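S.K.: Need coordinates for the following:
(chains A, B and C)
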Amino acid sequence: MALAAAALAPGFRDPVPDAQGTFRAVMEALARPGSLQRLATLPAVPEPLPPELAAIALALADHEAPLWLDVRLAAAPAVVDWLRFHSGAPVVADPASAAFALIADPAACPPLEAFARGTPDYPDRSATLVLAVAELTTAHGLILEGPGIRGRALLGAAPLPNDFAQRLERNRAGFPLGVDHLLVASGRVAGLPRTTRILGVA
Amino acid sequence: MYVAVKGGEAAIANAHRLLAHVRRGDPAVPELGLEQIAEQLALAVDRVMTEGSLYDRELAALALKQARGDLVEAVFLLRACRTTLPRFGHSAPLDTGRMAVRRRISATYKDLPGGQVLGPTFDYTHRLLDFTLAAGLPPPPPAEAPAEPDAPMPRVTDLLADESLIEPSPPEQPGAPVGDLTREPVSYPTGRDTRLQALARGDEGFVLALGYSTQRGYGRTHPFVGEIRAGAVMLEFVPEELGFPVPLGRIALTECQMVTQFKGSGERPPQFTRGYGLAFGGCERKAMAMALVDRSLRARELGEEATAPAQDEEFVLAHCDSLQATGFVEHLKLPHHVDFQAELELVRRLRAEHAARQAATPPMLQEAAE
Amino acid sequence: MTAMSTRGFARLASGAAGTNFGYLDEQTKRMIRRAILKAVAIPGYQVPFASREMPMPYGWGTGGVQVTAAVLGPADVLKVIDQGSDDTTNAVSIRQFFARTSGIATTTSTAAASVIQTRHRIPEHRLKEGQVLVYQVPIPEPLRFLEPRETETRRMHALSEYGLMHVKLYEDIARHGHIATTYAYPVQVAGRYVMDPSPTPKFDNPKMDDCPALQLFGAGRERRIYAVPPYTRVRSLEFEDHPFTVQRFDRPCALCGAADTYLDEVVTDDRGGRIFVCSDTDHCEERRAAGHRGEAA
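M.R.: Okay, here's the model as predicted:
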């Protein structure tokens, strides 16, 4: 009964504009790596689902776009029920068949090779990884260059896997195949599309 | 002083008002009711439903009325309405073997269980204009025969299947996904399910011409009409929460099974193959043409050399939709003066350069060059 | 009253108010939005999407309309142009469509717009960060007229096999002494995908390069969406001995006197009289409001 009640906790307050606003922030984030975009409306969520992950799942996932949940989220039946109920998206066990991967424990993010990277004919058939981090800043961090960036930009996030920069570089080297990343924290979203080069750390 | 043209908004509004006025025509003539269209222009309604992918006689009649009888425009109206409707899923496979048959003919057998039933057909009418119809005289009542409710009427292809002379129906695959080109973009090569959907929605004239081309040698398949049957079939839907089929009602359909030759291959013994056509209502010509093209499009699957347009999946599927075709042809009406200006500038420059070259060439050489 | 007409009245009563914000249902918007995100992540690559049947004909901007409908929110201000002008009938029609289905604010000012849907032109006014330019695209495949088969062109993109395109352009040079492509002039995006810029005159190609605005392209009939993120390298294809050049007009705009804009040729009489005026009507009006005058004004 408790699970059912959690699943029925509300999703977006005003689904049409809230989904649009969330999408627009995500689009701007991916179009401008190194910028932080505001996620204006966050749903009330069951623990331990970060509300930013929930907003992105509600805005973009559905029965045609499956979700994969990391161990922390998948272990919480209330989270699984809530996401299934509100997004209608299948929650898949195999990360390779997910359109969106929701990751609440980013330091333990599986290697990128576990996710769909598209095919040479259809590089769009690839996953978007959404990582909920604790800190997100443009004051310092990875030095970014590439499409969407005027000159260079900075993006810092923590916690992340130790080899995150190398992962991103390997991912970029495989272009046009690859996965795309969204990083979220405290009502903000930043994008790291597969085109972004990592020049170092500042 | 030159002032650029303005007032597009008012012009559009006025064009719409004029269109509504012209559509109505002479107000002294009674207005057409939707029921009149649905009853008396039934085959136009059937075609609009078939190509519009929406089984709703009332909406199709309304579309025809609004479109002033323009079938392609009516299909467009119905499709635009269809997009806004929620999609609950797909029906259970239809069993046309259990059709309440109104017409059933086979060209491959003189007689067969269930018999040949002509039904309401134009086939043997002598095409003479009927002036009693112009006078609005009531037709004589139809002939009646005692009902034979449970007379079996097996499909001809099932009769042939007993001897393995004809390829069997593809095995049922419960739970297998069903292609839907209105929900996902077509990627080539595609499956027969998506091809049949595209052909069913395809423009009757285009599909007819393609089917005809196969008869004239552009990808010949030696077709026979195994069977055409038309009538009403129960439509069933399995709601996920119930898990068993729920009848939704009967729909009128025409089905055509073409039986075509196949020489056999290393793996498969010689056997008749099939082409399949299905359309709403009484769209018999469409169902036949569709069956021909379906069979031709199976060339690759059957190891045949694909050289003709009707065997070319990408060519057929990319061009059979009347809305895509009419939209892109008619978009040439839209202003293109920016592109035209770019071309004008180039042609002027090329002509100037050509003239300069001519002028620079001595007259003697010019003559020799001609 | 018959059964049929009763139902008709019921539909009439629910009316247009029943359609969703921006016409499309939410499931369709999500599908388009996912395609847009992948398009942004793979600049210049054409993402297939399940284009819907819109209440306007294919070839008249259904792709652009679907992209705009998926992007647009209540805070947006929309501008729609066709051939550079806000007043051409199809631009008016599309603007009305959005005003009716979303109640969105509209404008003719390039600077005031947050979303601009266009057919065949890029505004003269430099676009800025935060703006989204949505192109209506008839044939998204730059290789289509060299190779009509989707299966083939897809493979050519996958292998970056763009030699055929260069051969075609070079044949022009051999025949005419120039590249004879004047609009829909192919570009290479971020050093990888060759992309069709839609049938904009090549005059506009340089505006796509390093543009501060996000550029989205929608092809409804052909079911493709593609994108150029802001500040992205967009190079028009060229040869060392035949660099890319744009059209130049040998006279300024007759209304505002601008000498650096794309001009429409307007025939003024049947004795060969013609004047040249800015194709971007908003830009021309702004200049005139600022006191600039051409010879016919």
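
S.K.: contacting residues for the residue nearest the centre of chain A?
M.R.: Of all residues in chain A, the one closest to the mean position by CA atoms, centre = their mean is A:V130, 1.4 Å from it. If you count contacts by CB atoms under 8 Å, 6 or more residues apart in numbering or on different chains, A:V130 has them with A:52-53, A:56-57, A:100-103, A:181-182, A:184. For glycine as for every other residue, the C-beta is placed from the backbone atoms N, C-alpha and C.

S.K.: Chain B: which of these is nearest?
M.R.: Nearest to chain B, judged by CB to the nearest CB, of the contacts of A:V130 is A:F100 at 18.2 Å.

S.K.: follow-up on the earlier one: can you confirm the residue nearest to the centre of chain A is in a strand?
M.R.: Yes. Assigned with DSSP: H, G, I helix; E, B strand; the rest coil, A:V130 falls within a strand.

S.K.: Give me the distance between it and chain C.
M.R.: 11 Å (CB to the nearest CB, to the nearest Å).

S.K.: Kindly report the same for B:D312.
M.R.: From B:D312 over to chain C the distance is 9 Å, taken as CB to the nearest CB.

S.K.: Just give the nearest non-adjacent residue to that residue, would you?
M.R.: Among residues not flanking B:D312 along the chain, B:A306 sits closest, at 6.4 Å (CB to CB, 6 or more residues apart in numbering or on different chains).

S.K.: okay but the one you found is in contact with B:G219, surely?
M.R.: Yes. Using CB atoms under 8 Å, B:A306 is in contact with B:G219, at 7.5 Å.

S.K.: before we move on, the earlier item: could you dump the contacts of A:V130 to TSV with pLDDT, distance to C:R235 and secondary structure?
M.R.: As requested, the contacts of A:V130 are exported to TSV (pLDDT from 0 to 100; distance: CB to CB, whole Å; DSSP: H, G, I helix; E, B strand; the rest coil):
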residue	pLDDT	distance to C:R235	secondary structure
A:E52	98	37	helix
A:L53	98	38	helix
A:I56	98	34	helix
A:A57	98	38	helix
A:F100	98	33	strand
A:A101	98	34	strand
A:L102	98	38	strand
A:I103	98	37	strand
A:H181	98	27	strand
A:L182	98	29	strand
A:V184	98	34	strand
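
S.K.: Distance to C:F49 and neighbour count added to the residues you listed, as CSV?
M.R.: Converted to CSV, the contacts of A:V130 look like this (distance: CB to CB, whole Å; neighbours: other CB atoms under 10 Å in any protein chain shown):
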residue, distance to C:F49, neighbour count
A:E52, 26, 28
A:L53, 25, 27
A:I56, 19, 24
A:A57, 20, 27
A:F100, 17, 24
A:A101, 22, 25
A:L102, 23, 28
A:I103, 26, 27
A:H181, 22, 31
A:L182, 20, 26
A:V184, 25, 30
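
S.K.: Pipe these into JSON lines and attach distance to A:A31 per row.
M.R.: Shown next, in JSON lines, are the contacts of A:V130 (distance: CB to CB, whole Å):
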{"residue": "A:E52", "distance to A:A31": "18"}
{"residue": "A:L53", "distance to A:A31": "21"}
{"residue": "A:I56", "distance to A:A31": "16"}
{"residue": "A:A57", "distance to A:A31": "21"}
{"residue": "A:F100", "distance to A:A31": "18"}
{"residue": "A:A101", "distance to A:A31": "21"}
{"residue": "A:L102", "distance to A:A31": "22"}
{"residue": "A:I103", "distance to A:A31": "22"}
{"residue": "A:H181", "distance to A:A31": "14"}
{"residue": "A:L182", "distance to A:A31": "12"}
{"residue": "A:V184", "distance to A:A31": "16"}
